[in-house]
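Peer 1: My questions are about this predicted structure, shown below with the sequence.
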Amino acid sequence: MNEASPLPFPFPTVRWRDGVVALIDQTRLPAELAWRECRDVPQLCAAIRELAVRGAPALGVAAAYGLALAWAGARQEGATAPAALARLREARRQLAATRPTAVNLFQALARAADAAEAAVAAGGDVDAVLARLLATADAVLAEDLARGRALGEAGARLLPDPATVLTHCNAGGLATGGYGTALGVVYAAVAAGRRVRVYADETRPLLQGARLTAWELTARGVPVTLLCDGAAGSLLRSGRIDAVITGADRIARNGDTANKIGTYPLAVLAREHGVPFYVAAPASTFDPDCADGAAIPLEERAPDEVRRCGGALIAPARVAVWNPAFDVTPAALITAFITEAGVLGPPYARSLAALAPGSAP
Ligand code: MRU
């Protein structure tokens, strides 16, 4: 990575700071790198809905700290442990209602809530339970950083030198605890001295590719070229791309994968042009409770995200809009999954079965 980079690596995306959840406000990038402080659960829920914090692993980290935030609020008001537990359960419900697709959010909520329930059942007072919740959230964050590093190293070995990679949305440090998944592969390859160039789809409608991927790669000194989503087919046909690598929001037992809208057409195009299509994701993104892609809940977002760009109206104000935030790529189009347990190929029903989503704090 570029020594002159203003970003430490890995850099923090979500942190617990003096009793608040502090997160990089991704709605303000690339104009400015600013922190947003969430002082209660409704503020954190708003930050998640607005995509100030986004990306499946980062949502998991934010959710885990969110339950600590709920507990800390109850504690400050002098609540007993049972009363604080009721507040925590309500906070869990509110956080779970923010965005439906990224399974990391739900796994982290379940893990943190289980830790709190167990601590209360064991007779812990409000301080002990808060300590337990913070330790759990710290563990979710630390595991995500470790998983990003491990899967990055596994994926880097798949790339030729030099390599040109096409990616979609942002599956980098910003989308995780701070390392990245699809971009983690790129960072690991660059750290190993390989020459890697990235092509980044802009990712309509919210432009995570343009605003976030192009920003974070540029800040790290990794060569990046931005393209409109519709240019991906021509790029793949040109023969310039060695591999397509994306992240994931939820992976079903059979390998069907939900990721940012536009991922599925990219997988179809990659297959058509004989380019490998890899999904880079930690175990926390695998959902053993979903048999296949049809069981994955796909978020639909507000029409104005499509009617407007950068706040300006770009379509008739009341035109009908369909705005799915995610699509499902069938397992058959995925060359392999890049995980912290290594590169897992088909048949996925067997290879994915060994992944354990979360470990105890
Ligand atoms: O709507 P977003 O920006 O949260 O969508 C994010 C993605 O689709 C990412 O590719 C995915 O979460 C993987 S992040 C490592």
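Peer 2: On my side now, so go ahead.
Peer 1: got the residues of this protein near the ligand?
Peer 2: Taking Cβ under 6 Å from any ligand atom as the contact definition, the chain meets the ligand at 51, 54-57, 102, 169, 171, 175-176, 181, 208, 246-249, 259-260, 325. C-beta here means a position set from N, CA and C on the backbone, and glycine is covered the same way.
Peer 1: Just the ones of those in helices?
Peer 2: Among the residues of the chain next to the ligand, the ones falling in helices (DSSP state H) are 56, 57, 208.
Peer 1: Which residue, neighbours along the chain excluded, lies closest to the second one?
Peer 2: Taking Cβ to Cβ, 6 or more residues apart in numbering, and ignoring the residues beside it in sequence, residue 57 has residue 176 as its nearest neighbour in space, at 4.0 Å.
Peer 1: helix or strand right after the one helix or strand residue 65 maps to?
Peer 2: Applying DSSP states H and E as the criterion places residue 65 in helix 56-76. Using DSSP H and E, the helix or strand that directly follows helix 56-76 along the chain is helix 81-96.
Peer 1: neighbouring contacts of that following helix?
Peer 2: Residues from elsewhere that reach helix 81-96 (Cβ atoms under 8 Å, 6 or more residues apart in numbering): 41-42, 44-45, 48, 63, 66-67, 69-71, 73-75, 79, 105-106, 109, 113, 116-117, 120, 124-126, 129.
Peer 1: redo that, cut-off 7 Å
Peer 2: Residues outside helix 81-96 that contact it (Cβ atoms under 7 Å, 6 or more residues apart in numbering): 41, 45, 63, 66-67, 70-71, 74-75, 79, 106, 109, 113, 116, 120, 124-126, 129.
Peer 1: Domain map for the chain?
Peer 2: Domains of the chain are assigned by automatic domain parsing as 14-147, 158-354.
Peer 1: how about low-confidence regions in the protein?
Peer 2: Counting by pLDDT under 70, the chain shows low-confidence ranges at 1-7, 356-361.
Peer 1: for it, which helix is longest?
Peer 2: helix 126-156.
Peer 1: What residues of it count as buried?
Peer 2: Of the residues in helix 126-156, those buried by neighbour count under the rule 16 or more other Cβ atoms under 10 Å are 126, 129-130, 132-134, 136-141, 143-145, 147-156.
Peer 1: Name the next helix or strand following it along the chain.
Peer 2: Using DSSP H and E, the next helix or strand after helix 126-156 towards the C-terminus is strand 163-167.
Peer 1: how near is the residue in the chain that the ligand sits nearest to to residue 337?
Peer 2: Of the chain, the residue with the smallest distance to the ligand, taken as Cβ to the nearest ligand atom, is residue 247 at 2.7 Å. As defined by Cβ to Cβ, to the nearest Å, residue 247 lies at a distance of 11 Å from residue 337.
Peer 1: Quickly list what's touching both of these two.
Peer 2: Common neighbours of residue 247 and residue 337 (criterion: Cβ under 7 Å, 6+ apart): residue 281.
Peer 1: Residue 292 contacts residue 251, doesn't it?
Peer 2: No - when contacts are counted by Cβ atoms under 7 Å, residue 292 is not listed as touching residue 251 (10.5 Å).
Peer 1: With neighbour numbers in mind, choose between those two.
Peer 2: Regarding residue 292 and residue 251, a neighbour count based on other Cβ atoms under 10 Å identifies residue 251 as having more, with 31 against 15.
Peer 1: Next up, phi/psi of the more buried one, please.
Peer 2: In this entry, residue 251 is assigned phi and psi values of phi -120, psi 120 (degrees, to the nearest 10).
Peer 1: Now do the contacts for it.
Peer 2: 257, 281, 285, 286, 287.
Peer 1: how many other residues sit next to residue 122?
Peer 2: A count of nearby residues for residue 122, using other Cβ under 10 Å, gives 10.
Peer 1: Next one: it from residue 338, what distance?
Peer 2: Distance, residue 122 to residue 338, using Cβ to Cβ: 39 Å.
Peer 1: Equivalent analysis for residue 9, please.
Peer 2: Counting by Cβ to Cβ, the gap between residue 9 and residue 338 amounts to 19 Å.
Peer 1: same thing with residue 221?
Peer 2: On the measure of Cβ to Cβ, residue 221 and residue 338 end up 23 Å apart.
Peer 1: what about residue 8, is that helix, strand or coil?
Peer 2: Judged by DSSP: H, G, I helix; E, B strand; the rest coil, the three-state class of residue 8 is coil.
Peer 1: re the thing from before, okay, residue 9 and residue 338: which has more neighbours?
Peer 2: Higher neighbour count among residue 9 and residue 338: residue 338, with 29 against 15, using other Cβ under 10 Å.
Peer 1: Out of the contacts of residue 251, who's the most crowded?
Peer 2: Neighbour tally across those (other Cβ under 10 Å): the maximum, 31 neighbours, falls on residue 257.
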